[in-house]
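**Q** Next input, structure requested:
(one chain, ligands or ions: 2)
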Amino acid sequence: MSKPESNNHIAVKAEKLTRRFGDFTAVNSIDLQVQKGEIFGFLGANGAGKTTAIRMLCGLLRPSEGEAWIEGLPVSKSAEKIKRRIGYMSQKFSLYNDLKVWENLEFYGGIYGLSKSEIESASDIMLARLQLAEYRNTMTVELPLGFKQRLALGCAIPHNPGIILLDEPTSGVDPIARRKFWDLIYELAESGTTIFVTTHYMDEAEYCSRVSIMVHGKIVALDTPRELKKQQKVTTMQDVFLKLVES
Ligand SMILES: Nc1ncnc2c1ncn2[C@@H]1O[C@H](COP(=O)(O)OP(=O)(O)OP(=O)(O)O)[C@@H](O)[C@H]1O
Ligand SMILES: [Mg+2]
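**A** Ligands and ions are numbered 1, 2, ... in the order given. Sure, this is the predicted structure:
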């Protein structure tokens with residue numbers, strides 16, 4: 001596993017990041033460092049604490065203990081600056097069904113503070129990139145789920161953030177839509193964007209540069225898929241996951 005040479009290479013960092021809800025600890029003192037340009041897979045069973053952790057990384061939920069940093073900025077002290085540096089696609093992504101496709105892009109561009117002309121040029125490029133150009137004037141409610149997920153990604157990144165956090169972006173869609181979505185993720189990563197992604201699909205975990213596996217709020221493994229398979233003496237990420245989560 002290659003180690004970051006300096007802090008400038010670190011896009012996302014967490015130290016002892018913890019979140020309790022009453023007596024229950026949803027995220028239990030997690031440590032991680034994601035290097036710039038990585039596709040980092042954040043895995044774990046239902047209820048493991050992934051969404052809770054991501055919300056703390058984005059500054060949407062206050063940690064009970066510990067700290068997170070985005071590009072070296074402490075999340076607890078730099079919430080506004082961080083919002084401009086990250087794109088977040090939540091698990092229940094929030095598109096407006098009663099708006100047209102381009103109107104959703106326009107709305108989210110406005111949220112991120114883009115001017116009208118910036119939004120116009122950015123949304124044409126984005127629609128082409130998302131393979132949604134011909135659906136520009138379609139009502140969002142009419143889009144198939146796979147298309148909606150691509151649009152939700154577009155709406156999360158009108159400001160070209162360096163870091164994108166995706167919470168189960170492909171859940172419930174067919175294999176072709178998933179492949180298309182991952183083609184986009186790869187394109188973004190190749191242009192230097194850091195991707196932090198949760199998924200329950202273990203074939204997607206294989207595409208990640210490194211993955212962590214969370215069990216009951218703790219990270220129990222973190223490495224490249226290749227190294228994890230070697231450590232667990234298995235040949236697929238599916239088996240790595242089952243071994244670590246079941247034990
Ligand atoms: N606001 C809250 N109040 C109380 N408990 C919560 C709250 N948010 C999350 N939890 C609990 O924390 C645990 C972790 O939830 P979280 O949504 O982070 O899991 P997850 O790994 O994202 O799961 P999934 O794969 O199903 O999305 C769960 O037991 C959940 O019920
Ligand atoms: Mg979740």
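**Q** Please determine how far the closest residue to Arg178 other than its chain neighbours is located from Ile10.
**A** Nearest-residue entry for Arg178: Thr170, 4.6 Å, with adjacent residues in sequence omitted and distances by C-beta to C-beta, 6 or more residues apart in numbering. Every residue, glycine included, has its C-beta placed from N, CA and C. Distance, Thr170 to Ile10, using C-beta to C-beta, to the nearest Å: 26 Å.
**Q** and if you look at Val101?
**A** As for Val101, its distance to Ile10 is 36 Å (criterion: C-beta to C-beta).
**Q** cool, and Gly37?
**A** From Gly37 across to Ile10, the span is 11 Å (C-beta to C-beta).
**Q** Then Gln131?
**A** From Gln131 across to Ile10, the span is 33 Å (C-beta to C-beta).
**Q** what does Pro144 give?
**A** Pro144 sits 38 Å away from Ile10 when distances are taken as C-beta to C-beta.
**Q** Was I right to think Ile213 contacts Leu43?
**A** Yes. Assessed by C-beta atoms under 8 Å, Ile213 is found in contact with Leu43 at 4.9 Å.
**Q** intersection of neighbour lists for those two?
**A** Between them, Ile213 and Leu43 have Phe241 as joint contacts when contacts are counted by C-beta atoms under 8 Å, 6 or more residues apart in numbering.
**Q** Kindly list the main-chain dihedrals of the nearest residue in space to Ile157 that is not next to it in sequence?
**A** The spatially closest residue to Ile157, leaving aside those adjacent along the chain, is Gly87, at 4.0 Å (C-beta to C-beta, 6+ apart). Backbone torsions for Gly87, taken as degrees, to the nearest 10, come to phi -120, psi 130.
**Q** Name the residues of the top helix by length along the chain that are buried.
**A** Once the chain is assigned using DSSP state H, the helix that runs over the most residues is helix 175-190. In terms of neighbour count (16 or more other C-beta atoms under 10 Å), helix 175-190 has its buried residues at 177-178, 180-182, 184-185, 188-189.
**Q** Tell me which helix or strand comes right after that helix.
**A** Read in the C-terminal direction, the helix or strand following helix 175-190 is strand 194-198, with elements assigned using DSSP states H and E.
**Q** ok, residues contacting that next one?
**A** Contacts with strand 194-198, where a contact means C-beta under 8 Å, 6+ apart, come from 11-12, 34-44, 50-51, 54, 57, 91, 162-169, 185, 188-189, 204, 208.
**Q** coming back round to it: neighbour count winner among Thr170 and Ile10?
**A** Regarding Thr170 and Ile10, a neighbour count based on other C-beta atoms under 10 Å identifies Thr170 as having more, with 23 against 19.
**Q** So which residues of this structure form strands?
**A** Per DSSP state E, the chain has strands spanning 10-21, 24-35, 39-44, 65-70, 73-74, 86-89, 163-167, 194-198, 210-215, 218-223. These are given in chain order.
**Q** Export the ones you listed to TSV and append columns for distance to ligand 2.
**A** Formatted as TSV, the strands of the chain follow (distance: least, C-beta to the ion, whole Å):
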stretch	distance to ligand 2
strand 10-21	13
strand 24-35	10
strand 39-44	9
strand 65-70	17
strand 73-74	24
strand 86-89	12
strand 163-167	6
strand 194-198	6
strand 210-215	10
strand 218-223	15
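**Q** Including mean pLDDT and distance to Glu246, could the ones you listed go into JSON lines?
**A** Output for the strands of the chain, formatted as JSON lines (pLDDT from 0 to 100; distance: least, C-beta to C-beta, whole Å):
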{"stretch": "strand 10-21", "mean pLDDT": "98", "distance to Glu246": "25"}
{"stretch": "strand 24-35", "mean pLDDT": "98", "distance to Glu246": "19"}
{"stretch": "strand 39-44", "mean pLDDT": "98", "distance to Glu246": "13"}
{"stretch": "strand 65-70", "mean pLDDT": "98", "distance to Glu246": "28"}
{"stretch": "strand 73-74", "mean pLDDT": "96", "distance to Glu246": "36"}
{"stretch": "strand 86-89", "mean pLDDT": "95", "distance to Glu246": "29"}
{"stretch": "strand 163-167", "mean pLDDT": "97", "distance to Glu246": "24"}
{"stretch": "strand 194-198", "mean pLDDT": "98", "distance to Glu246": "19"}
{"stretch": "strand 210-215", "mean pLDDT": "98", "distance to Glu246": "9"}
{"stretch": "strand 218-223", "mean pLDDT": "98", "distance to Glu246": "11"}
